[in-house]
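# Quick one, fold the following:
(chains A and B)
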Number of protein chains: 2
Amino acid sequence: MELLENKILSEGRVLSGNILKVDKFLNHQIDPNLFMEMGKDFYEHFKGMGINKILTLEVSGIAVAFAAATYLNVPVLFAKKSDSLTLSDDVFSSKVISYTKHKEYDIRVDKAFLSSEDNVLIIDDFLAKGQALNGLMELCKQADAEVIGVGIAIEKAFQEGGKHYRSLGYDVYSQAVIEKFEDGKVVFKKD
Amino acid sequence: MELLENKILSEGRVLSGNILKVDKFLNHQIDPNLFMEMGKDFYEHFKGMGINKILTLEVSGIAVAFAAATYLNVPVLFAKKSDSLTLSDDVFSSKVISYTKHKEYDIRVDKAFLSSEDNVLIIDDFLAKGQALNGLMELCKQADAEVIGVGIAIEKAFQEGGKHYRSLGYDVYSQAVIEKFEDGKVVFKKD
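Sure, this is the predicted structure:
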C-alpha cells in the first residue's frame, strides 16, 4: 500500500536492533486519515469472505483493527495482556513473547466473545517472528473459530512469521512489506 | 447520548463494587457503528474550538478517541502505561492509580508529540474518581499544552472526577452519565 510505505519512508525511523520506529503516526500518535485508508484497504482485500469478527491484540493493534471494522461492519475483539477485575476467569488464554519488551505475557479473551460461530480476521500492526500472531491463532483454535485471514500493517519479511503462516495456507495480507534495513533505511519488498 | 445509554441498559452488567461491565461493546469487544456515532457526537460538541490533538490513555480510550479523531480530523496521541524499547526516554510522565487493577502506574508520552502548540481534547472511556484524567491533565501541564475540553463515554457522577474538573471551569462532556446503581441496575442522570 503506497500511502503507508510513503508514510514509513517520510516519518519512520530505523533504530538499532532493526526496530522501526513509527510512533509519529502508528503506535503512539495515530494519523486517523491514514488509518481509515488502511481500514478501507483491508476491506478491499477481505470483503466477501464471510468475516464476522476482527480479532486483535492490545495495544497498538486496536486502532487499525477498528478502522477495518468500520468498513467490514463487524465487531472488533481485542485480546488483553494485563489482569483486570473486569475480565472474567472464563477465558481463552495463550502466551506471547515480546522482543521489544523482553518478556513473555499471557493474552486472553473472554469465552463469551469467541466461538465456533466466528469467521475471524486477525489484524495487527506488526508481523515479524509471528509471536503475537501465534498467540491470536491459538485463541481461535481454543474457541474452534475459523481464521479467514490475517491483515498486517507492517511486515518484516526477513523474519519468519509471514512466511510460516502463508506456507500453512493462510491468506496473510500485509500493507507494507519490509525486505530489509540497509544503512538505516527501509527497503520495501516489491512483487 | 441516547444510543450509548440504551446500549448500556441492554448489554451492560453491573458487578459488585459498582463496576459496570461493558466488555460486550466498549472495552473488550468494540461495536464500530456505536463508536463512530460516539465519535460524531464528540465532534458535534467540540467542533470549532481549535482542537488540534486528541490525547487519550491506552488501552480502552484508544478506539473512542480514534473515532472522534476521524471527525475532528486531528491526530490521536495515546499515553503509554508500559515500558517499551520503542518509547524514548524523553517523555512527559505522571502517575495514575487504577482501582480496577489495584495498582499505581506511570503514564508517559514522548515529548516530541505534545507541546505548547497543542490545543488538546482529552478523551477516555470512563470517568469516575478522575485518576486517569488527573494523569492526562498533568501531561498537558508539563507540555504547556492547553486543554480545551474533556470527552468521556461513561461518567459515574456519584464519584468526584467530573464534578471536580467542571468546578475548575473545564468543559467536561460525558455521553452517558450514571447517577447511581440501584438493585444492580444503572440509573442515568437526567438534566
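# which residue ranges form the strands in chain A?
A:13-15, A:19-21, A:29-30, A:53-57, A:76-79, A:91-98, A:103-110, A:119-127, A:146-156, A:172-182, A:185-188 (DSSP state E).
# Now render those as CSV, adding distance to chain B, mean pLDDT and mean neighbour count.
The way it works is simple: take the backbone N, C-alpha and C, and place the C-beta from them, glycine included. As requested, those are arranged in CSV below (distance: least, C-beta to the nearest C-beta, whole Å; pLDDT from 0 to 100; neighbours: other C-beta atoms under 10 Å in any protein chain shown):
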stretch, distance to chain B, mean pLDDT, mean neighbour count
strand A:13-15, 7, 91, 14
strand A:19-21, 6, 90, 18
strand A:29-30, 4, 97, 24
strand A:53-57, 8, 98, 26
strand A:76-79, 4, 98, 26
strand A:91-98, 9, 91, 17
strand A:103-110, 6, 91, 18
strand A:119-127, 10, 98, 24
strand A:146-156, 13, 98, 23
strand A:172-182, 15, 97, 19
strand A:185-188, 15, 96, 14
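# Of all those, which one comes closest to A:Arg166?
With respect to A:Arg166, and counting by C-beta to C-beta, the nearest of the strands of chain A is strand A:172-182 at 5.2 Å.
# C-alpha coordinates for that closest one, PDB please?
Output of strand A:172-182 as PDB, limited to C-alpha atoms (Å, rounded to 0.1, in the frame of the first residue of the first chain):
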ATOM      1  CA  VAL A 172      -1.700 -13.200   5.100                       C
ATOM      2  CA  TYR A 173      -2.100  -9.700   3.600                       C
ATOM      3  CA  SER A 174       0.500  -7.100   4.700                       C
ATOM      4  CA  GLN A 175       0.100  -3.500   3.600                       C
ATOM      5  CA  ALA A 176       3.800  -2.600   3.800                       C
ATOM      6  CA  VAL A 177       6.400  -5.400   3.500                       C
ATOM      7  CA  ILE A 178       9.900  -4.600   4.600                       C
ATOM      8  CA  GLU A 179      12.600  -6.700   2.800                       C
ATOM      9  CA  LYS A 180      15.500  -5.300   4.800                       C
ATOM     10  CA  PHE A 181      17.000  -2.400   6.500                       C
ATOM     11  CA  GLU A 182      20.100  -1.100   4.700                       C
END
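# Please name the strands paired to that strand in the sheet, noting orientation.
Using DSSP bridges, the strands paired with strand A:172-182 in its sheet are strand A:146-156 (parallel), strand A:185-188 (antiparallel).
# Measure how it sits relative to strand A:119-127, angle-wise.
Angle of strand A:172-182 versus strand A:119-127, following axes from the mean of the first three to the mean of the last three C-alpha atoms, to 10 degrees, is 10 degrees.
# Now do strand A:172-182: everything it contacts.
Contacts with strand A:172-182, where a contact means C-beta atoms under 8 Å, 6 or more residues apart in numbering or on different chains, come from A:1, A:4-5, A:8, A:14, A:18, A:20, A:38, A:41-42, A:45-46, A:127, A:149-158, A:162, A:165-166, A:186-189.
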